[in-house]
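> could you work out the structure for the sequence below:
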Amino acid sequence: MRRERFDKMNVVPFIDIVLVLLVIVLATASFVQNKSIKIDLPAASSKKSEEKKSIVIAIDKDGSYFYNTEALSLERLIEKINTLDPKKDLISLHTDKQTPFDYFVKIIDVMKSKGFENISIVTKQ
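Reported below is the predicted structural model:
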């Protein structure tokens with residue numbers, strides 16, 4: 001009886017194990033709770049996907065301001081906006097549809113005076 005040289009490795013069982021692990025991770029990832037700010041976004045007919053690395057500024061229906069998930073006063077939020085780079089930083093503005101328009105205009109005015117070029121106003125479709 002002659003033995004064959006072992007110069008090839010069968011990777012099919014390895015791929016099967018990796019795919020099973022991937023399915024397990026994806027199935028359990030859906031159970032992770034996402035802590036977010038409760039904002040009822042206004043609807044729009046066109047919707048563009050939001051940039052993943054953008055800075056989120058949110059205004060809820062009570063007029064509270066949020067920088068990412070941190071609640072801030074308007075003055076403190078303006079200080080944070082002034083530290084950003086207007087040419088490179090991407091800002092996503094989330095505003096509840098019940099929010100008075102004045103709160104929205106204050107933030108837009110600060111960003112416009114600073115010269116921001118990458119601002120997206122997030123809506124739901």
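> now do the SS call for Ala71.
Going by DSSP: H, G, I helix; E, B strand; the rest coil, the secondary structure assigned to Ala71 is strand.
> and it, how many neighbours?
For Ala71, the neighbour count with other C-beta atoms under 10 Å is 13. C-beta here means a position set from N, CA and C on the backbone, and glycine is covered the same way.
> try Arg2
The local packing count at Arg2 equals 3, with neighbours defined by other C-beta under 10 Å.
> tell me the pLDDT of it.
Model confidence at Arg2, expressed as pLDDT, equals 74.
> just the strands from the protein, written as ranges.
Using DSSP state E, the strands of the chain run over residues 55-59, 65-67, 70-72, 91-95, 119-122.
> weakest of those by average pLDDT?
Looking over the strands of the chain, mean pLDDT reaches its minimum on strand 119-122, with a mean of 83.
> redo the strands of the chain as CSV? Include distance to Tyr103.
Supplementary listing: these in CSV, determined by distance: least, C-beta to C-beta, whole Å:
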stretch, distance to Tyr103
strand 55-59, 5
strand 65-67, 8
strand 70-72, 13
strand 91-95, 7
strand 119-122, 13
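> max-length helix in the chain?
When the chain is parsed with DSSP state H, its longest helix is helix 12-29.
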